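**Q** need the 3D shape of this:
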Amino acid sequence: KTFWLSDTISPRAPAPGLNQLPIEMLLEVLSYLPTSVLLGQCRHVCWYWRCLVDTRAVWLSILPYSHAKLWPALRACLPPDDGGDPRPCLLGRFCERRPLGRSLYPNPRGMDAFLPWRTLNCRSWRQGESWEEDRRLVPENSFQPFYRWCYKKRVLDLEKEGLWPELLDSGKIEICISAWWADQETLVCLYELIVRLLDAEQAQLHHFSPSPVHQGRSSIPFKTNHVFSNLKKGVRFVSLEHWIWDMGFLPEDYGIFVPKASVIIRVCQLCCCCCC
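**A** Reported below is the predicted structural model:
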């Protein structure tokens, strides 16, 4: 007797869905999707799909080819499974944000305000005063002089950027800091940079601060680079402070160029050589 496939499956029967696949096969299918699709769409389908996307096996399949050069160093310090965390898994956040090798500094051109340094002896200094209040007087990449110390501070949370404690404490990464700044011509200024690496309680573990730069009327640009290596265990934050004192006085407010900066986390070059 001839047995036809059409005799066993009704033409009106629904096609098998993805949820009917064995879980191993479904995880394999998900591992071929872009990270943005996994976290931005698939994870929000339902509770079951969220659990699948957060499965460690998916990201262990993605990491070796999405971070091929970094994978040999990363696999030795992977985080533990964080199944109870409602957020996307740590490895998923790492693949999404790709924090290694790019600047994590959110304001590289320094386009936000400087704050005047307040002391008990000068109550007239208003906290929150900034060049943006008189933006029409100065270029976009400068701020209006205060004729006193002004500062800008930014603290980066490395874990929020996609790094995990085991990687930060592995001794396999280094933190590269760059800052450059130039004053306007005909102004006399003092500039100081302070960089601190902080632990979870924001206590200082490492510190870098070059000598203050006194700029006269030559408008010579200032640039500094520093690499934090051999990090102590516990580094979780990077703090950058820019301090500027406009020491001159002009009838017109030309402004002072704000400092630019970058913070780049990378795998130590020695580790890369060993992996190769």
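
**Q** ok, Ser36 - how many residues close by?
**A** 10 (other CB atoms under 10 Å). To be clear about C-beta, it is placed using only N, CA and C from the backbone, and glycine gets the same treatment.

**Q** could you pull out the helices for the chain?
**A** 5-8, 23-30, 35-40, 47-53, 56-66, 71-74, 90-97, 165-168, 269-275 (DSSP state H).

**Q** list of residues touching the third one?
**A** Outside of helix 35-40, the residues that reach it under the criterion CB atoms under 8 Å, 6 or more residues apart in numbering are Leu30, Val53, Val58, Ile62, Ser66, Pro88, Gly92, Cys95, Glu96.

**Q** now do the buried residues in stretch 232-249.
**A** Residues Val235, Arg236, Phe237, Val238, Ser239, Leu240, His242, Trp243, Ile244, Trp245, Asp246, Gly248 are the ones in stretch 232-249 that count as buried (16 or more other CB atoms under 10 Å).

**Q** using CSV, write out every CA atom in it.
**A** Output of stretch 232-249 as CSV, limited to C-alpha atoms (Å, rounded to 0.1, in the frame of the first residue of the first chain):
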residue,chain,number,x,y,z
LYS,A,232,44.7,46.4,42.5
LYS,A,233,41.7,44.2,43.0
GLY,A,234,38.5,46.0,43.6
VAL,A,235,38.6,48.7,40.9
ARG,A,236,35.0,49.6,40.0
PHE,A,237,35.0,53.3,39.1
VAL,A,238,37.1,55.8,37.2
SER,A,239,36.9,59.4,38.3
LEU,A,240,38.2,62.3,36.2
GLU,A,241,38.4,65.9,37.4
HIS,A,242,39.3,68.9,35.3
TRP,A,243,40.3,72.1,37.2
ILE,A,244,40.7,75.4,35.5
TRP,A,245,41.5,78.9,36.9
ASP,A,246,41.2,81.8,34.6
MET,A,247,43.8,84.2,36.0
GLY,A,248,43.4,87.0,33.4
PHE,A,249,40.8,89.7,32.9
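
**Q** show the average pLDDT along that stretch.
**A** In this model, stretch 232-249 has a mean pLDDT of 85.

**Q** can you check stretch 198-208 too?
**A** Taken as a whole, stretch 198-208 carries a mean pLDDT of 96.

**Q** who touches Val46 in this structure?
**A** Slight slip there: residue 46 is Cys, not Val. By CB under 8 Å, 6+ apart, Cys46 lies in contact with nothing.

**Q** next one: it relative to Ile62, how far apart?
**A** Using CB to CB, to the nearest Å, we find Cys46 at a distance of 21 Å from Ile62.

**Q** show me where this structure has strands.
**A** Counting by DSSP state E, the segments of the chain that form strands are 115-116, 142-143, 149-157, 173-181, 189-198, 204-208, 213-215, 222-228, 237-246, 256-257, 260-267.
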